[in-house]
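> Structure of the sequence below:
(chains A and B)
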Amino acid sequence: MLKKVPAASLLASTLAVAALACGSEAFAHHSFAMFDIHAQKSLTGTIKEFQWTNPHTWVWIVVPSANGGASEEWGIEGMSPNFLGRRGWTKHTLKPGDKVTILIHPVKDGGKGGSFLKVTLADGTVMNMMGTSAAGPAATPGQPPGQPPGQPPKLAD
Amino acid sequence: MRGVMRIAGLGTQRPRCGLMALAALAALAGARAVPVQAADAIIAPHVMSWSELGALPDFTTGIWEVHLGPGALAQAVQPSLTPAYQARAKAYTAAQATGENQDSPGADCLPNGMPGIMGQPYPMQILFGPREVTIDIEAFMQVRHIYTDGRPHPDDPDPTFNGNSIGHWEGGTLVVDSVGFVPITPLGFNWGVHHSSKMHIVERFHLTTPDMLQVETRVYDPEALTKPWVTSRLFERHASWTIAEYICEQNNRNEADQNGRAGIVLTPPK
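Numbering: from 1, shown residues only, chains lettered A, B, ... in the order given. Next comes the predicted model:
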């Protein structure tokens, strides 16, 4: 699932957070040094816990092994609850037991961790760090009918 | 999405800076009428009455976040460093090739100090009181106290992250003068570029529109800079937002050792 992505896509995926930051050092509290921002990885599994904590949210997801081995638990770092809470997220956006697919920049050292890019919920809703994905219809198959573009979906508690 | 969550009715309170309206309000309240100031009149620092504070431009409704639109960030103006500080910055960058300086003490929750703390991707609240303007910065839960009652800087201020600040009003512009900084924080966002303990900062806060606050920052440093480093940043008002708690140590899984080697803790929660 590990793939190299072109620079243009990379640019888009780093969102306005990068624009805010004007350089990695300014990402509020730490750099992106430990993440491979030139790679993306997709994880499909079950949410174990969503830590709605500062300085970062953490998504803990159990990913079944592809070859019948033991499942893996991954930790994914996202923006803070302060930042996300102003952009359509709540502490209930991800709940234990939810089946989701998460796109990340993996850590460089091969560990089971990464930096959050976006998540596709079971109902197809796509959430990124700025709220519901503004990537267009193709990227938001689960956009609720009648939902204005760019507006956060009403999320079930 | 930002800026659309306005509370109905709040808009009618803004801008409170209309001097005529304020004078009328003050008269209604039986308060002393506020003398109308010329647009650029320098108001000598003093203990201000509440009616005087009410006549100031409205910096206090809602909170302010760095604006993401064109012209939002400090122009890409780099500080003009003295040879000694330039060499230090180059050495910092050169060491990155060996894995050092990949991250900063910020990863261990050390705040940037001034001036970097004023450019974080988190909002700030500005409060007016008779003796000070208070800036409540969400990032790292930092607070700046800007004394506007006429007191001078201490003769020998203890060095701090955010410095000792005094301010006064020039018409609708709040002018803030800050000295007394620890030399361990970066000059801006780049922890490889430092200032000295002699850094001196002058900031000018003013509304460019009712909901846009411009902060021009002039940094002087006789040891680190060959000329003042001047940047400007816009902040957007979010009338319905409130400042949230930010305890960096709550669940910080990032780390940087003393050589700036970056680490991350991936031990799952129990």
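
> how about low-confidence regions in chain A?
Residues of chain A meeting the criterion pLDDT under 70: A:1-28, A:133-157.

> what do you get for the stretch 51-200 of chain B?
Residues of the stretch 51-200 of chain B that meet the cut-off, pLDDT under 70, sit at B:69-76.

> What ranges does it have for its strands?
Counting by DSSP state E, counting those that start in this stretch, one finds strands in the stretch 51-200 of chain B at the ranges B:63-66, B:124-128, B:132-137, B:142-147, B:164-170, B:173-179, B:200-209.

> Say whether chain A is contacted by the shortest one.
Yes: using C-beta under 8 Å from any C-beta of the partner chain, we find that strand B:63-66 touches chain A at B:Val66. The C-beta positions use only the backbone N, C-alpha and C, and glycine is treated the same way.

> helices or strands next to that strand in the packing?
Helices and strands touching strand B:63-66, by 3 or more C-beta pairs under 8 Å, 6 or more residues apart in numbering or on different chains; DSSP states H and E, are strand B:124-128, strand B:229-238.

> okay if I get the strands of the stretch 51-200 of chain B as JSON lines plus mean neighbour count?
What follows is the strands of the stretch 51-200 of chain B, written out as JSON lines (neighbours: other C-beta atoms under 10 Å in any protein chain shown):
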{"stretch": "strand B:63-66", "mean neighbour count": "22"}
{"stretch": "strand B:124-128", "mean neighbour count": "19"}
{"stretch": "strand B:132-137", "mean neighbour count": "19"}
{"stretch": "strand B:142-147", "mean neighbour count": "18"}
{"stretch": "strand B:164-170", "mean neighbour count": "20"}
{"stretch": "strand B:173-179", "mean neighbour count": "20"}
{"stretch": "strand B:200-209", "mean neighbour count": "17"}
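
> A:Asn54 contacts B:Ile247, correct?
Yes: at 5.4 Å, A:Asn54 counts as touching B:Ile247 under the criterion of C-beta atoms under 8 Å.

> Could you check which of these two is surrounded by more residues?
Per other C-beta atoms under 10 Å in any protein chain shown, whichever of A:Asn54 and B:Ile247 has more neighbours is A:Asn54, with 25 against 13.

> so who does that one touch?
Applying C-beta atoms under 8 Å, 6 or more residues apart in numbering or on different chains to A:Asn54 gives the contacts A:80-82, B:245-248, B:250-251.

> Over to B:Ile201?
B:114-115, B:163, B:176-179, B:217-220.

> Mind putting the residues you listed into a markdown table with distance to B:Ala256?
As requested, these are exported to a markdown table (distance: C-beta to C-beta, whole Å):
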| residue | distance to B:Ala256 |
| --- | --- |
| B:Met114 | 21 |
| B:Pro115 | 21 |
| B:Gly163 | 24 |
| B:Val176 | 31 |
| B:Asp177 | 33 |
| B:Ser178 | 27 |
| B:Val179 | 29 |
| B:Thr217 | 26 |
| B:Arg218 | 30 |
| B:Val219 | 25 |
| B:Tyr220 | 29 |
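
> where's the closest residue to B:His46 other than its chain neighbours relative to chain A, distance?
Leaving aside its chain neighbours, B:His46 sits nearest to B:Gly150 (5.3 Å; criterion: C-beta to C-beta, 6 or more residues apart in numbering or on different chains). Using C-beta to the nearest C-beta, to the nearest Å, B:Gly150 is found at 35 Å from chain A.

> Report the beta-bridge partners for the residue nearest to B:Asp211 when sequence neighbours are not counted.
Leaving aside its sequence neighbours, B:Asp211 sits nearest to B:Arg237 (C-beta to C-beta, 6+ apart; 4.0 Å). As for beta bridges, B:Arg237 partners with B:Trp64 under DSSP bridges.

> Spit out the contact partners of B:Arg237.
By C-beta under 8 Å, 6+ apart, the residues touching B:Arg237 are B:3, B:61-64, B:210-213.

> Can you say which of those are buried?
B:61-64, B:211-213 (16 or more other C-beta atoms under 10 Å in any protein chain shown).

> Give the burial count for the residue nearest to B:Glu65 when sequence neighbours are not counted, as a bare number.
Residue nearest to B:Glu65 in three dimensions, not counting chain neighbours: B:Pro123, with 4.1 Å by C-beta to C-beta, 6+ apart. B:Pro123 has 25 neighbours, counted by other C-beta under 10 Å.

> List phi and psi for B:Pro123.
Note on B:Pro123: its backbone torsions stand at phi -80, psi 170 [degrees, to the nearest 10].
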